[in-house]
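Asker: Provided below for reference: sequence and predicted model.
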Amino acid sequence: MDDLTFDCVGARAEPYAAFPTLVFRVRVTHPSPAGVHAIALRCQIRVEPHLRRYDAAEAEMLGDLFGDPARWGDTLKPLQFANVSVMVPAFTGTTEIDVPVPCGYDLEVAAGKYFAALDDGEIPMILLFGGTVFARTPGSTGSTGSSGGTGGFSVGQVPWHCEARHRLPVAVWRELMDRYFPDSGWLRLRRDTLRDLTRFKSDHALATWDETMHLLLRETRG
């Protein structure tokens, strides 16, 4: 299976999913004229933050993840984004498949913090592939070989070195988040912290949580 190759040719925000979903378009190529019966494909996706530049505002927002920019030579390490599985149907030569990736907007997850800190540009990603390949061998009929062929099916593993890189536009990520969380984000708080915030909101007769947080920030800065 050493001739199996993968390329990521694009990504889009899925407009009709029940949950925020990015869809990566992946081209799979195998040169055998006998074709591939199926691939049980695994895909691990990582962010490679060291492969782009950051302006001053982005660097400030990324301090919680990577520390002071002076240390980024040591701290700017890959971030785990997703692990997904998908079936690749039968093909000969080349095919393209959708790899859907469910996404969240949890700012306590490293990848979520990273995405939220970016204003523009692209997000460098690497897709690492694994899984099982069910391939036809020459002379196979696709089943039992009853038409006289001497071939059949072989089973092998997706080579460990199979990978593809993609630079996801930040605009695509923002489009996805805006579909499900328009102009908003999420923070997880301890129950006792939330109760204290509720009392503060009630004591000051504030109508929304945004007003509550803005008042707290003004008091802190004052």
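Answerer: Perfect, thanks for sending it. Keep in mind that what you see is a predicted model, and the values were worked out from it rather than measured. Numbers count the residues shown, from 1 in each chain.

Asker: residues in contact with stretch 35-44?
Answerer: Identification of contacts with stretch 35-44 by Cβ atoms under 8 Å, 6 or more residues apart in numbering yields 24, 26, 28, 30, 80, 82-93, 99, 127-136, 142, 153, 158. Placement of C-beta: from N, CA and C, glycine included.

Asker: and it, how far from the chain's centre?
Answerer: 19 Å (Cα atoms, centre = their mean, to the nearest Å).

Asker: Which of the contacts of stretch 35-44 fall in strands?
Answerer: Counting by DSSP state E, the part of these found in strands is 24, 26, 28, 30, 80, 82-88, 93, 99, 127-136, 153.

Asker: List the buried residues for the helix or strand where residue 219 lies?
Answerer: Using DSSP states H and E, residue 219 falls within helix 209-221. Judged by neighbour count (16 or more other Cβ atoms under 10 Å), helix 209-221 contains these buried residues: residue 212.

Asker: and that helix, what other elements does it pack with?
Answerer: When contacts are defined as 3 or more Cβ pairs under 8 Å, 6 or more residues apart in numbering; DSSP states H and E, helix 209-221 sits against helix 191-203.

Asker: roughly how far is the helix it packs on from the heart of the chain?
Answerer: 35 Å.

Asker: just the angle between it and helix 209-221, please?
Answerer: 90 degrees (axes from the mean of the first three to the mean of the last three Cα atoms, to 10 degrees).

Asker: mind giving me the domain split of the chain?
Answerer: Residue ranges for each domain of the chain read 5-180, 191-221, as given by automatic domain parsing.

Asker: Please identify the most buried of those.
Answerer: When the domains of the chain are scored by mean count of other Cβ atoms under 10 Å, the highest mean neighbour count falls to domain 5-180 (a mean of 16).
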